[in-house]
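Chemist: the sequence and its predicted three-dimensional model are supplied below.
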Amino acid sequence: MRKFTSLLLLGFAIGSFAQTPGGVSGSELWFKTAPLNSDLQGYYRWQDFSGDSIRLMLLDSRGVKSELTLPNSSVHYFNFNPSLWLADGFRSLSASLKHGDLSQATVIGVFAPELATIGKDMVVYALDGRKGDGAILSKDKAVRGRGVEPLDYGSASGEDLLYQSSDSLSENGFKESALRVVSYFKVSNPSTTLWGDNSNTTLFIGTPSTSGSFGTDFPTSLFGNASIRGYAPELIVFSRMLTPDERRKVESYLAVKYGITN
């Protein structure tokens, strides 16, 4: 039986589905690893297939911002599908969404943490929209603003991206199933201001909150606030809560595509 990590926060199939992930429409962002051009031995990027042409931008140590592209040598293939390598050498990776603040959101992605760091908690991604309403997903915890206890979303079943000795799987078993589908659900109170918040959301990939880029004060001592190292072939963002059936369709599409059977 396939296992998927699913998380609900309150309060605060390939072929015919090629144009929508699993046949579920309405994604705000649909990043897939794809070649920059027709040269399959050249450079790769996360290409947005949602229709908005959003780009994953790299802010380097010189303060220069450009689209992240990586050579073929930095790309790994899962079930013959390419995947970008994410490493902590990047100062900041971000994508600016064009519609809304994602007070409600479903984020479903595929991640394979570096095997040498499977026992270390790290930031996978963050959503930063309305001031104080951001969220961080680490390999082990879902984190909201200061004063809200982070949720250890894999504590019951060990189905997160962090290996711990208390997990049901052995270390070798975890390594063999390190490529996983992770689903995150975010629900916050809607804006109550007359004109709204007039704020869109930025998706940060592997960016620790100490970077100063966030509008939310996170309790950084309660989770692993370091940049993830690993592979990420695909990430999909919806500005609503998917139904259980929709979630299963997207998760199944990703599992079949990347050969995830655990």
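Modeler: The structure has been received and is ready for your questions.

Chemist: going forward, measure contacts and count neighbours with C-alpha atoms only.
Modeler: OK.

Chemist: so how many other residues sit close to K186?
Modeler: K186 has 24 neighbours, counted by other C-alpha atoms under 10 Å.

Chemist: start at 33 instead
Modeler: Let's use 33 as the start, then, which means that last one is K218.

Chemist: any idea which helix or strand carries it?
Modeler: strand 212-219 (DSSP states H and E).

Chemist: tell me the mean pLDDT for that strand?
Modeler: Mean pLDDT, computed over strand 212-219, is 92.

Chemist: each with direction, which strands does the very next helix or strand once past that strand pair with?
Modeler: The helix or strand immediately downstream of strand 212-219 is strand 234-237, counting by DSSP H and E. Here strand 234-237 is paired, per DSSP bridges, with strand 124-128 (antiparallel), strand 155-160 (antiparallel).

Chemist: pLDDT weak spots in the stretch 183-294 of the chain?
Modeler: In the predicted model, the stretch 183-294 of the chain carries pLDDT under 70 at residues 187-191, 221-231, 243-244, 294.

Chemist: how about the helices in it?
Modeler: Per DSSP state H, counting those that start in this stretch, the stretch 183-294 of the chain carries helices over the ranges 203-208, 276-290.

Chemist: buried deepest among these, which one?
Modeler: Stretch with highest mean neighbour count among the helices of the stretch 183-294 of the chain: helix 276-290 (a mean of 18; mean count of other C-alpha atoms under 10 Å).

Chemist: what does it contact?
Modeler: The contact list for helix 276-290 (C-alpha atoms under 8 Å, 6 or more residues apart in numbering) reads 36, 45-46, 53-56, 110-113, 140, 142, 213, 292-293.

Chemist: thinking again about what came up before, okay, the helices of the stretch 183-294 of the chain in a markdown table with distance to N232 next?
Modeler: Putting those into a markdown table (distance: least, C-alpha to C-alpha, whole Å) gives the following:
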| stretch | distance to N232 |
| --- | --- |
| helix 203-208 | 37 |
| helix 276-290 | 24 |
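
Chemist: looking at these, which is nearest to L88?
Modeler: The closest of those to L88 is helix 276-290. By C-alpha to C-alpha, the value is 20.3 Å.

Chemist: what's the angle from that closest one to strand 212-219?
Modeler: 150 degrees (axes from the mean of the first three to the mean of the last three C-alpha atoms, to 10 degrees).

Chemist: output helix 276-290 as PDB - backbone C-alpha positions only.
Modeler: Only the C-alpha atoms of helix 276-290 are listed here, as PDB (Å, rounded to 0.1, in the frame of the first residue of the first chain):
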ATOM      1  CA  PRO A 276      -9.900  13.900  -0.500                       C
ATOM      2  CA  ASP A 277     -10.600  12.500  -3.900                       C
ATOM      3  CA  GLU A 278      -8.700  15.300  -5.700                       C
ATOM      4  CA  ARG A 279      -5.800  14.800  -3.300                       C
ATOM      5  CA  ARG A 280      -5.600  11.100  -4.000                       C
ATOM      6  CA  LYS A 281      -5.700  11.800  -7.800                       C
ATOM      7  CA  VAL A 282      -2.700  14.200  -7.500                       C
ATOM      8  CA  GLU A 283      -0.800  12.000  -5.200                       C
ATOM      9  CA  SER A 284      -1.400   8.900  -7.400                       C
ATOM     10  CA  TYR A 285      -0.300  10.800 -10.500                       C
ATOM     11  CA  LEU A 286       3.000  11.700  -8.800                       C
ATOM     12  CA  ALA A 287       3.500   8.200  -7.400                       C
ATOM     13  CA  VAL A 288       3.000   6.500 -10.700                       C
ATOM     14  CA  LYS A 289       5.100   9.000 -12.600                       C
ATOM     15  CA  TYR A 290       8.100   8.800 -10.300                       C
END
